[in-house]
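K.L.:
one predicted model, sequence on top.
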Amino acid sequence: MQRFRNRKYRSILPIALASLLILGTSRLVFDNLKNNKGVSLFRWRNWLEGSRFHSYIANVFEDEDDSNDNYEDIEDCNVFEGKWVFDNLSHPLYSEQSCPYLVKQVACQRNGRPDNLYQFWRWQPNECNLPRFNAIKLLKMLKNKRLMFVGDSIQRTQFDSIVCLLQSAIPEEQKSLTKVPSKKIFFAKEYNATVEFYWAPFIVESNSDHSTNHTVLKRLVKLDQIANHTKNWEGVDVLVFESYVWWMFKPVINATYGLPNDVKEYNVTTAYRMAMKTWAHWLESNINPQFQKVYFMSLSPTHLWSSEWRPGSEGNCYSETNPIQGPYWGMGTSMEIMRIVQETLENVKIEVTLLNITQLSDYRKDAHTSVYTERKGKLLTKEQRADPLNFADCIHWCLPGLPDTWNEILYAHLLQYLL
């Protein structure tokens, strides 16, 4: 009889715990409503109703490695509106020393940068919290899948960032990074998960498509040709595209459309629009939205002229140690390109999610590699570092740093899609 009672009590214990959790959650909700009169009851009602609340309860009882995650639903939250908060407790998410795959170009501390404040800023959306990045959870979501970043060196840095975020959770013998022409491939053996980078700076074909030998005197873009790239994208489960900086070298660009030898000079925005149409057509013909997900990263801003945020000055991003506070939109950010991206994604016949990281990145004048980087495979010399007006790189970003935030946002979206 005593044994029966023990079994009975054990059987009702999970129910009791779940009931306490629901009651406690409800109490928190209504206490919050009482203390924050501006919060809409309708918003809270939606959160409590239906699958959102049930999936939250289910996640509470998931694997140990997920127990402290923040599973706040970001579906109705604009995570791109917010502010930078100094947080030296939770950030950076890794260190240069902890990531053996970090390349010299972006390892600013290793390259002699004297300050490290740029590593400690956390993006805080106005209306919600980003979930804490969980490498094990993402690896589980990517089990038997491929995640590919497609674009230029900015996108390669985002790839490097996510590799650094993931690799610490994988035993040495269970991970590898290989390089093949136009590709970098990170493989997590236990999960059969692949994270890749594919070099395509214009998305469409060009004479700059060699992954290392792409510096040419005259850039030539083939606005209606994309097949040499797309054969590498076929069957990829999650594609993340980006293309901007390489288009902005001059106001015009040499390109072909139709006849391969008919080279014409196009306005950059016209050429960009034509290239995006070629890309969109491929998506419509080849992507299966039931099994594949496509993202597009909005443009990564530059900080080439300090007079934009500090009137009267004549510098650039060199020696900047804090983000810009308050409203700011720099000249290195093309509104016309942003409009073309928006129009393309609105008109494409499959769902493509825009990750609009431009504004939040525009504040980060402090996060560039500046003179603590390399050119053509060699670190800047002492003389070059002493001439930041000519040699500071105010296009690329240090790691750990801003691109980690881009991946925190991508991770938040993947939680919505892959769970």
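P.N.:
Okay, I see it. Here the structure is a predicted model, which means the values were calculated and not measured.

K.L.:
which ones are touching residue 385?
P.N.:
112, 371, 372, 391 (C-beta atoms under 8 Å, 6 or more residues apart in numbering). The C-beta positions use only the backbone N, C-alpha and C, and glycine is treated the same way.

K.L.:
narrow the residues you listed to those in helices?
P.N.:
In this view, the contacts of residue 385 that belong to helices under DSSP state H are residue 391.

K.L.:
residue 381 - how many residues pack around it?
P.N.:
Using other C-beta atoms under 10 Å, residue 381 has 11 other residues around it.

K.L.:
mind checking how far it is from residue 375?
P.N.:
10 Å (C-beta to C-beta, to the nearest Å).

K.L.:
enumerate every residue touching residue 194.
P.N.:
Listed by C-beta under 8 Å, 6+ apart, the contact set of residue 194 reads 142, 145, 146, 147, 185, 186, 187, 188.

K.L.:
mind redoing it with 10 Å?
P.N.:
Counting by C-beta atoms under 10 Å, 6 or more residues apart in numbering, residue 194 touches 142, 144, 145, 146, 147, 148, 185, 186, 187, 188, 236, 237.

K.L.:
tell me the secondary structure at it.
P.N.:
strand (DSSP: H, G, I helix; E, B strand; the rest coil).

K.L.:
same thing with residue 266?
P.N.:
Quick answer, by three-state DSSP: residue 266 is strand.

K.L.:
give me the neighbour count for it.
P.N.:
Neighbours of residue 266 under the rule other C-beta under 10 Å: 20.

K.L.:
between residue 381 and residue 375, which contacts overlap?
P.N.:
By C-beta under 10 Å, 6+ apart, the residues touching both residue 381 and residue 375 are residue 391.

K.L.:
coming back round to it: can you put the contacts of residue 194 in CSV and add pLDDT, secondary structure and neighbour count?
P.N.:
Listed next are these as CSV, based on pLDDT from 0 to 100; DSSP: H, G, I helix; E, B strand; the rest coil; neighbours: other C-beta atoms under 10 Å:
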residue, pLDDT, secondary structure, neighbour count
142, 98, coil, 21
144, 98, coil, 9
145, 98, coil, 18
146, 98, strand, 18
147, 98, strand, 25
148, 98, strand, 20
185, 98, strand, 17
186, 98, strand, 23
187, 98, strand, 16
188, 98, strand, 22
236, 98, coil, 20
237, 98, coil, 16
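
K.L.:
export those residues to JSON lines and tack on distance to residue 210?
P.N.:
Putting the contacts of residue 194 into JSON lines (distance: C-beta to C-beta, whole Å) gives the following:
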{"residue": "142", "distance to residue 210": "29"}
{"residue": "144", "distance to residue 210": "31"}
{"residue": "145", "distance to residue 210": "28"}
{"residue": "146", "distance to residue 210": "23"}
{"residue": "147", "distance to residue 210": "24"}
{"residue": "148", "distance to residue 210": "19"}
{"residue": "185", "distance to residue 210": "18"}
{"residue": "186", "distance to residue 210": "21"}
{"residue": "187", "distance to residue 210": "24"}
{"residue": "188", "distance to residue 210": "28"}
{"residue": "236", "distance to residue 210": "21"}
{"residue": "237", "distance to residue 210": "27"}
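
K.L.:
which of those residues sits closest to residue 283?
P.N.:
residue 236 (11.9 Å; C-beta to C-beta).

K.L.:
for residue 366, see how far away that closest one is.
P.N.:
Distance, residue 236 to residue 366, by C-beta to C-beta: 34 Å.

K.L.:
one more: residue 210?
P.N.:
33 Å.

K.L.:
neighbour count: the two, which is higher?
P.N.:
Using other C-beta under 10 Å as the criterion, residue 210 and residue 366 rank with residue 366 on top: 22 against 13.

K.L.:
my guess is the more buried one contacts residue 401. True?
P.N.:
Yes - taking contacts as C-beta atoms under 10 Å, residue 366 lies within contact range of residue 401: 9.2 Å.

K.L.:
now do the shared contacts for those two.
P.N.:
By C-beta under 10 Å, 6+ apart, the residues touching both residue 366 and residue 401 are 118, 121.

K.L.:
pull the number of nearby residues for residue 348.
P.N.:
Residue 348 has 19 neighbours, counted by other C-beta under 10 Å.

K.L.:
please tell me how far it sits from residue 280.
P.N.:
Using C-beta to C-beta, residue 348 is found at 4 Å from residue 280.

K.L.:
list the contacts for the residue nearest to residue 262 when sequence neighbours are not counted?
P.N.:
Nearest residue to residue 262, sequence neighbours excluded (C-beta to C-beta, 6 or more residues apart in numbering): residue 256, at 5.9 Å. Contacts of residue 256 were listed using C-beta under 10 Å, 6+ apart, and they are 205, 206, 220, 221, 222, 223, 224, 225, 262, 263, 264, 266.

K.L.:
go on, residue 319?
P.N.:
Counting by C-beta under 10 Å, 6+ apart, residue 319 touches 114, 115, 306, 366, 370, 371, 388, 392.

K.L.:
mind doing that once more with 8 Å?
P.N.:
Contacts for residue 319 (C-beta under 8 Å, 6+ apart) come out as 370, 388.

K.L.:
per-residue confidence for it?
P.N.:
With respect to pLDDT, residue 319 scores 97.

K.L.:
what kind of secondary structure is it in?
P.N.:
Assignment for residue 319 (three-state DSSP): coil.

K.L.:
now do residue 396
P.N.:
Assignment for residue 396 (three-state DSSP): strand.
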